[in-house]
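>>> have a look at this prediction, sequence included:
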Amino acid sequence: MHNEENAKTLIDEQLRELGWDLTNFSVLTKEYPLPNGKKADYAILVDDHPVALIEAKKESIDLAGALIQAKNYAKILNQNREKVFLIFASDGKTIYRQNIKANTRPERITRFPTYAEIKDYINPETDYLLANLRDYQKIAVSQVVSTFQLGRDKTYLEMATGTGKTITAAGIIAKMFKTGLARKILFLVDRDSLAEQTVRAFNSVLGDVFKINRLIDTKDDKYNDISVSTIQFLYVNEKYLSYPNNFFDLVILDECHRSYFGEWHDVVEHFRKGGAKILGLTATPSDKETQNTDAYFGQPTFRYTYRQGVKEGILAETEWYKFLTNVDLSGIHELGFDFEPEDLGRRVDVPRRNELIAEKYFEVIGYQNTNRLPKTLVFAASIAHANHLRNAFIDKYNEINNLPPDDATAENFIISIHNQIANAKELTQKFQEIDSEIKIAVSVDMLSTGIDAPDIEVLVMARPTKSKILYVQMKGRATRRCTPQQHGKEKDKFKLIDFVDITEIEEIITNEVVEKEDVIIDEDEQQEEKEVRESIKGQDKEEKEQKEPEKIEMVIADVPVWLVKSEIITSDAFKEIRRQIEPQLKNIKEKTVQKARFVQAVLSWEALNPGIPVDEKYLEAFGFDLNTLRDLYGEVNASLQDFIDVALSRKRFKTIEEKNRDAVYYWLTEVKKFDKEKTEFLMILYDFKKNNPDLSLLQLSNSHLIQHRGGIGRIKKIFGSLENFMNLYETMKNITYLNVDEIKD
């Protein structure tokens, strides 16, 4: 018997004494084969994957050299998607250990670890992370991992800004590694600043366990456990094709409501087709802007709203201050789901209006009583508007403090930040510091996402938007709470000063979005709900302080400008409003819960009975017969298989808006029997007016869709007159999928 065999005999005895079962090859394998044909003396496995190697050597061999050999073996395995992090070398009497993941120096130890110690050693940091998540974050982690374990290949989370999407994602990553569902993970963002921020965040909680880096197109990228990249980096020059489509086991899309559904969708689909699970993260509630998200992922696996965050003390409450002038938005064209920037800046960037915004801001914060400027973020419509607003704030500050008009003191702490400023990145970082010397930052869209400044106390909305996505992002800059322990100060509410009626975008009564797109409510119910909301808004004038403003008149190029509405809505008023309206919304919420139960039942069947059609009796046992499902979804003609396909994200039911549009098209082609050209002109008008109710015919005529079809002249020729054209639209706008068969003229 050779000396090395003696060493192995001694090692075997020590392992047995520590409880190792040398016949259980799923936890300990001797002569473990390597991809290069060589064999490691011992491999310790967790979830059927090697995590540690032991090299046995005779007494005369230097154990430091044996560790080098073990390290080379580990490197070979890790190049093939394994996660070997511990190596040992022993002659049976002396034992050396090295943690190659943490890159520690070799150390002499007195005994081998037990199997339990090995498992604890693997992810002590991830166990700590998972144990210290908030309760709702633990639920999110559990539901996502369970969804993937049940066989679903894509899903998404909706979590309000400030509730910890990134730390929840880290928890999901830790759990996916721990359960063996993932060995390599790709985290995609759409901005450089978010990529850097994510790498820092992940390294702070997972860096001791996993190799986390941003993709920079080098060979070393292949050794990352967690790779962070912008979607643009992988898409340009088709860099994503340099990775085998099965290279990543999990792809996470940050802010999944944007950027991933155009050409860049190819990147995501490349890895999904290779077997990667796809997880989306968003803070934006579902609505017509995020239909792509629901169409791709299906319904979110987990949702945590702004309202829940406030109720549980996670997020800061909103106090609304609304000041509206007679400067309106008529004539501003919409571009997609928002206003056209050039028109927007030209309309709202009015000198006297900017002065009024600054004046009301200083009133709301009570500056003359406190002499204190809270950290404030002002959203402007354009770069020029941002610069003009900044000057208005500085002018007002100087006036209140009896400083000369040209005093430059305030220029140090009232600044504008936009992408045409050379040091914009440096200013952004400085603004994010707790108790930053920058007190008021005026921005366009640059600071609407990707910044973390929890001590923002005031938001000023001077930039209109019709985009719920942008609004939620802007509002989210201030919803984070501050605690004395974390930030040295307390903040449990913030002021939102609205000069553009932006809060009308949000369901401000409940602070959360109920899934109306998927829950079909008849027209009477919709109207009733609207009337309930409007009537309640008008109640409780003592709690909802409604002021009849004095007419503050200013002149802009001979056009008078005045304050037409001043309104303050306190948090107590909102609580009472919510209390009154929630019974009317209860039925909608109950349907949402029932749908989630149905989806879970179908997914469970698929996981337990792959390839076998869902049994009708099985669904009935959960209370889901065909009539119940038709009532639940409002789809009276759908089959049981249709509902199952929707639950499995194989298809989706059309929204009310889509059904109504189809009804209009049907009316034009089947009832009126219009030809293709007439139908196209009328559908263009219908689509434009849907998003732009105040759009004039003149503005419509400037659209390239009208111009390249012959313009107004062609409309007059085929319809007889513009009046005939518009009269048809008046009928079309009243058509719904419920009444289309009743409308003949």
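That came in fine, so what should we check first?

>>> hey, where'd the strands end up in the stretch 151-300 of the chain?
Using DSSP state E, counting those that start in this stretch, the strands assigned to the stretch 151-300 of the chain run over residues 154-159, 185-189, 212-214, 226-230, 250-253, 277-282.

>>> doesn't residue 497 lie inside a helix?
No. Residue 497: not assigned to a helix; according to DSSP: H, G, I helix; E, B strand; the rest coil it is strand.

>>> does it touch residue 362 like I think?
No. Look at residue 497 against residue 362 with C-beta atoms under 8 Å: they stay out of range, at 10.7 Å. For glycine as for every other residue, the C-beta is placed from the backbone atoms N, C-alpha and C.

>>> who has more neighbours out of the two?
A count of neighbours by other C-beta atoms under 10 Å puts residue 497 above the other of residue 497 and residue 362, at 22 against 16.

>>> pick the most deeply packed of the strands of the stretch 151-300 of the chain.
Using mean count of other C-beta atoms under 10 Å, the stretch among the strands of the stretch 151-300 of the chain with the greatest mean number of neighbours is strand 185-189 (a mean of 27).

>>> each with direction, which strands does that strand pair with?
strand 226-230 (parallel), strand 250-253 (parallel) (DSSP bridges).

>>> so can I have TSV of these showing mean pLDDT and distance to residue 110?
Putting those into TSV (pLDDT from 0 to 100; distance: least, C-beta to C-beta, whole Å) gives the following:
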stretch	mean pLDDT	distance to residue 110
strand 226-230	93	34
strand 250-253	95	39
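
>>> closest one to residue 167 among those strands?
With distances scored as C-beta to C-beta, the stretch of the strands paired with strand 185-189 nearest to residue 167 is strand 250-253 (13.1 Å).

>>> residue ranges with poor pLDDT in the stretch 51-200 of the chain?
Low-confidence segments of the stretch 51-200 of the chain, defined by pLDDT under 70, are located at 102, 120, 122-126.

>>> swap in the stretch 201-350 of the chain?
Counting by pLDDT under 70, the ranges of the stretch 201-350 of the chain that qualify are 218-220, 257-263, 285-292, 326-347.

>>> the helices in it, which residues?
Along the stretch 201-350 of the chain, the segments classed as helices by DSSP state H, counting those that start in this stretch run 231-235, 265-272, 291-297, 306-311, 341-348.

>>> what do you get for the stretch 1-150 of the chain?
Residue ranges of the helices in the stretch 1-150 of the chain, as given by DSSP H, counting those that start in this stretch, are 3-17, 63-78, 115-122, 124-131, 135-149.

>>> which stretch among the ones you listed comes nearest residue 226?
Evaluated with C-beta to C-beta, those place helix 124-131 nearest to residue 226, the distance being 11.8 Å.

>>> can you put the helices of the stretch 1-150 of the chain in CSV and add distance to residue 489?
Rendered in CSV, the data for those read as follows (distance: least, C-beta to C-beta, whole Å):
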stretch, distance to residue 489
helix 3-17, 55
helix 63-78, 45
helix 115-122, 38
helix 124-131, 26
helix 135-149, 24
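
>>> now those helices in a markdown table, with mean neighbour count and distance to residue 397?
As requested, the helices of the stretch 1-150 of the chain are exported to a markdown table (neighbours: other C-beta atoms under 10 Å; distance: least, C-beta to C-beta, whole Å):
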| stretch | mean neighbour count | distance to residue 397 |
| --- | --- | --- |
| helix 3-17 | 16 | 74 |
| helix 63-78 | 18 | 59 |
| helix 115-122 | 16 | 57 |
| helix 124-131 | 15 | 45 |
| helix 135-149 | 19 | 41 |
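
>>> of all those, which lies closest to residue 670?
Closest approach to residue 670 among the helices of the stretch 1-150 of the chain (C-beta to C-beta): helix 135-149, 42.2 Å.

>>> the closest one packs against which elements?
Judged by 3 or more C-beta pairs under 8 Å, 6 or more residues apart in numbering; DSSP states H and E, the packing partners of helix 135-149 are strand 154-159, helix 165-178, strand 302-304.

>>> out of the ones you listed, flag the one nearest residue 653.
Each of the helices and strands packed on helix 135-149 was checked against residue 653 via C-beta to C-beta, and the shortest separation belongs to strand 154-159, namely 18.4 Å.

>>> partner strands of that closest one and their direction?
Here strand 154-159 is paired, per DSSP bridges, with strand 277-282 (parallel), strand 302-304 (parallel).

>>> list the contacts of the first one.
The set of residues that contact strand 277-282 without belonging to it, under C-beta atoms under 8 Å, 6 or more residues apart in numbering, is 144, 148, 153-159, 165, 169, 172, 181-182, 249-257, 268, 271-272, 290, 293, 296-297.

>>> which residue packs closest to residue 317, ignoring adjacent ones?
Nearest residue to residue 317 in three dimensions, chain neighbours excluded: residue 493, at 4.2 Å (C-beta to C-beta, 6 or more residues apart in numbering).

>>> how many residues are close by the one you found?
As a measure of burial, residue 493 has 16 neighbours, counting by other C-beta under 10 Å.

>>> now distance to residue 627 too, for the strands of the stretch 151-300 of the chain, in TSV please.
As requested, these are exported to TSV (distance: least, C-beta to C-beta, whole Å):
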stretch	distance to residue 627
strand 154-159	28
strand 185-189	42
strand 212-214	51
strand 226-230	48
strand 250-253	37
strand 277-282	33
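
>>> pick out the residue nearest the middle of the protein.
With distances taken as C-alpha atoms, centre = their mean, the chain has residue 282 as the residue nearest its mean C-alpha position (1.5 Å).

>>> and that residue, how far from residue 156?
With distances defined as C-beta to C-beta, to the nearest Å, the gap from residue 282 to residue 156 amounts to 6 Å.

>>> any common contacting residues for these two?
Any residue near both residue 282 and residue 156 by C-beta under 8 Å, 6+ apart counts here, and that gives 256, 293.

>>> quick one: contacts for residue 412?
Shown in contact with residue 412 (C-beta under 8 Å, 6+ apart): residue 437.

>>> wait, residue 74
Taking C-beta under 8 Å, 6+ apart as the contact definition, residue 74 lies against 53, 84, 85, 87, 100.

>>> could you list the buried residues of stretch 715-724?
Of the residues in stretch 715-724, those with enough neighbours to count as buried (16 or more other C-beta atoms under 10 Å) are 715, 719.

>>> mind checking how far the residue lying closest to residue 198 once chain neighbours are set aside is from residue 248?
Closest residue to residue 198 in three dimensions, ignoring its sequence neighbours and counting by C-beta to C-beta, 6+ apart: residue 228, at 5.1 Å. From residue 228 across to residue 248, the span is 12 Å (C-beta to C-beta).

>>> quickly list what's touching both of those two.
In contact with both residue 228 and residue 248: residue 186, using C-beta under 8 Å, 6+ apart.

>>> does residue 481 touch residue 316 like I think?
Yes. Look at residue 481 against residue 316 with C-beta under 8 Å: they come within range, at 4.9 Å.

>>> which neighbours do the two have in common?
162, 491, 492.
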